[in-house]
Structure formats: C-alpha cells, structure tokens
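J.: Next comes the sequence, and after it the predicted model I'd like to discuss.
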Amino acid sequence: MKHRLDRLYSKLQNKDITAFIINNISNIFYISGFTGTAGIIILTPEDCFFLTDSRYLEQAAEETTGFEIVEIKRENRLETISDLLSDTEVSELAFEADTVSFKKYSEYQNNFTGIELKPAENIVGELRMVKEEEEIERISQAVKIADCAFEHILDYIKPGISEKEIALELEYFMKQQGGEKNAFDFIVASGPRSALPHGRATDRKVQPNEFITMDFGTKYRGYCSDMTRTVYVGSPSAEDKKIYQTVLEAHRKVIEKIRAGMTCGEADGLARNLIEENGYGDNFSHTLGHGVGIDIHEAPRLSGSSDQKLVKNMVVTDEPGIYLTEKKGVRIEDDLVITESGCKVLNNTNKELIVL
C-alpha cells in the first residue's frame, strides 16, 4: 500500500494541504489495507498515524505498513487527536468534506484549538477512480461469482416463489461460491414492480407472464460486483419483446463505442439517444452507470451532465433501462473495464431475452 500513500502525499502537496484526516472507512481500506470497521488516519508532513481502539490494535499492526499505530478510546478520542496534532505543530488540517458530518466538524472546531480546518472533496476518491490490476482482478472474481449466481437462479425461479426468496437464494449461493457479503441490498422486482428502478425484494410472488428484474452483486476481498438481468416468466408480448430488445441494443451500443477519452456524458448519450429514438426517452429515468470498486457506487458518474473524461482502467457499469409506470420494466447491466480502444466486459452470462 506504500505506493498509494505516496500518491496521496503527492496529491496533498499539489493541493497545498499539509495535514489530512481520513475518516471514510473505504478510503482507509484503500490507503492502508485495514479491513476493520473502526479507524482514523492522520497524515502530516513527517508522520503517518493510524488510530484505532483496543479491538483492532493487533489487526491494524498486521494489515498496515508505514503507520504509527495509536490506541484511541471513545471517551478521549478528540483529546488524543488534538494532542497528536499539537505534537506535530500542525496549524491547518484538511478533512473529508463528503464524509465529515456537521456535528463532527463542530467537534473538531471546538477541540482542535489553533488549527484551521479546511474542507477537501474527493481527495482519495480521485485516486480510487483508476483501478490497479489487482483491484480489477478482485472485481473480476466478484463478477464471476455473480455470473454463476445468475445461471443458478434460472432453475430456481417459478410462479409462486417470492421476490425475497429469490434474493435470499442469490445471497446464499454467492456466499457458497466465496462471496464475502452482499455488495448492496438486492433488487428483485417482478411484474408491475419491475417498473421501479430500485424495487427491493418484497413478499410479492412471481406470476405468469411478467418480467423479473434482478440487480445484485457480491464482495470479494473487499471489492464489489454489480450486475442486472431481466428475465420473463411465461409468454412475452410483442411490446415486451420490443422493450427488452431496445434496452439490449442500447446496452450493446455502449459496449461497442465506449472508450478512454470519451466523457461520461457522451457515454450516457450512447444509450439514451437510442432509447429516445425508439420512443422510450421519458422512460429511462436514471443515469447510464457509475464507477464500482470498494464501494458499489464510486466516481465517475456516467451522467448526461458530466464532462468527466473516462480513463483507462476505470471500472464502470453499463445499465440502461426502460420503465413503464405500474406496468413493467427492463434493465440490463454489466461491469466494464475502460481501455484505450474500447472496453473489456467482465460479465459472461447471456443477455438475450430468457423466457422461463
């Protein structure tokens, strides 16, 4: 992890930041390798402190390199941080503006006397956008586990089974295959509920002649997968087939055209324009996708309004959808690694309309 710490110090120097406190646990994992749930990193020009409580002292010593491990207790947490900063003669401290609450900021203000607090946005997040080869390998394995789960669930789905039962079976299977935990709360939305882009699983039972949208993923060695497949139970109508085919063509157009140097807005437009041309422009209600890695939603955001440029080794989702309110919906999603000439699709499962 030393190379990441070196890159972070270089970034801090470029932004004229002399000291930085990291509270976001995903950023802490990225910078230090620490897999626990309680930690704080403080970086000064001369020192790298890793603060944690008694539960994690041994683990922090084993998992991190280059940090001075400091025990911190809840009752004197702020006093311990203040003493460290005083000892290092820090006069200003940057903090993660998108993580620190107003309450925590007020605590800092009241306890860190003589220190100017500076908000800093997405400092570590910008480093995390471009993945290293090991990160891509971990995401790829998480995707492979999710792909296997999709193949498995096709034999499980039938009329009368509930959305929650489908979600539970997906979770159980992925953990059997080496998944650490769910990457997020799964979406399993059947029938009219498939028109809800974020329709989490309910007790509703699958009925004949309807779509089922399943959005799920697992974590493998700290990294997420995120995939969506929509299948049909029964006999799809001509409209059902048209909607599905439109989404599939939009999804494939992104795979064909996306590449490094393109803006996120341009990538979003690849799918959105095709869907609009087919008469469903008002029914694609979310952005094309997002970055995926340690967190299920990371930068960049593939939004029509974003001029962020895609860079080689970013990992992003390609997930266009069409949603007809209270009737039906279709979404198809893969995880893509951006390359200089295009992209590498990490998913390998069938995306043609599957009728069960």
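T.: Looks like it arrived, so ask away.

J.: any weak-confidence spans in the chain?
T.: For the chain, not a single residue meets the criterion pLDDT under 70.

J.: Quick check, central residue of it?
T.: The residue at the geometric middle of the chain, judged as the C-alpha nearest the mean C-alpha position with C-alpha atoms, centre = their mean, is I296 (1.8 Å).

J.: What backbone torsions are found at it?
T.: I296 adopts backbone torsions of phi -70, psi -30, taken as degrees, to the nearest 10.

J.: ok, now which ones touch it?
T.: With contact set as C-beta atoms under 8 Å, 6 or more residues apart in numbering, I296 has these partners: A183, F184, G217, C224, D226. C-betas here are computed from N, CA, C, even on glycine.

J.: Verify the contact between the fourth one and K181 for me.
T.: So that's C224. No. Between C224 and K181 there is no contact, the gap being 9.9 Å when judged by C-beta atoms under 8 Å.

J.: More neighbours: these two, which one.
T.: Under the neighbour definition other C-beta atoms under 10 Å, C224 and K181 were set side by side, and C224 has more, 27 against 11.

J.: Number of residues surrounding the closest residue to the more buried one other than its chain neighbours?
T.: Leaving out its chain neighbours, the residue that sits closest to C224 by C-beta to C-beta, 6 or more residues apart in numbering is A183, at 3.9 Å. By other C-beta under 10 Å, 23 other residues sit near A183.

J.: how many other residues sit next to the closest residue to I72 other than its chain neighbours?
T.: Ranked by C-beta to C-beta, 6+ apart and with sequence neighbours excluded, the top spatial neighbour of I72 is L51, at 4.4 Å. Applying other C-beta under 10 Å, we find 22 residues neighbouring L51.

J.: Now do the contacts for L51.
T.: With C-beta under 8 Å, 6+ apart, L51 has these contacts: G39, I40, I41, I42, V70, E71, I72, T80, I81.

J.: What's opposite it in the beta bridge?
T.: Applying DSSP bridges to L51 gives these bridge partners: I40, V70.

J.: now do T317
T.: D335.

J.: can you pull the contacts of the nearest residue in space to L324 that is not next to it in sequence?
T.: If you skip the residues right next to it in sequence, L324 has A195 as its closest partner in space, 5.7 Å away by C-beta to C-beta, 6+ apart. Residues counted as contacts of A195 (C-beta under 8 Å, 6+ apart) are A189, Y323, L324, T325, E326, K327, K328, G329.

J.: Please point out which parts of the helix or strand containing A267 sit buried.
T.: Per DSSP states H and E, A267 falls inside helix 264-277. Along helix 264-277, these residues count as buried under the neighbour rule (16 or more other C-beta atoms under 10 Å): C264, G265, E266, A267, D268, G269, L270, A271, R272, L274, I275.

J.: mind saving the C-alpha coords of that helix as PDB?
T.: Output of helix 264-277 as PDB, limited to C-alpha atoms (Å, rounded to 0.1, in the frame of the first residue of the first chain):
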ATOM      1  CA  CYS A 264     -19.200  10.400 -19.100                       C
ATOM      2  CA  GLY A 265     -21.900  12.500 -20.700                       C
ATOM      3  CA  GLU A 266     -21.100  11.100 -24.100                       C
ATOM      4  CA  ALA A 267     -21.200   7.600 -22.800                       C
ATOM      5  CA  ASP A 268     -24.600   8.200 -21.300                       C
ATOM      6  CA  GLY A 269     -25.800   9.600 -24.600                       C
ATOM      7  CA  LEU A 270     -24.900   6.400 -26.500                       C
ATOM      8  CA  ALA A 271     -27.700   4.500 -24.700                       C
ATOM      9  CA  ARG A 272     -30.000   7.400 -24.100                       C
ATOM     10  CA  ASN A 273     -30.200   8.500 -27.700                       C
ATOM     11  CA  LEU A 274     -31.000   5.000 -28.900                       C
ATOM     12  CA  ILE A 275     -33.700   4.600 -26.300                       C
ATOM     13  CA  GLU A 276     -35.200   8.000 -27.300                       C
ATOM     14  CA  GLU A 277     -35.100   7.100 -31.000                       C
END
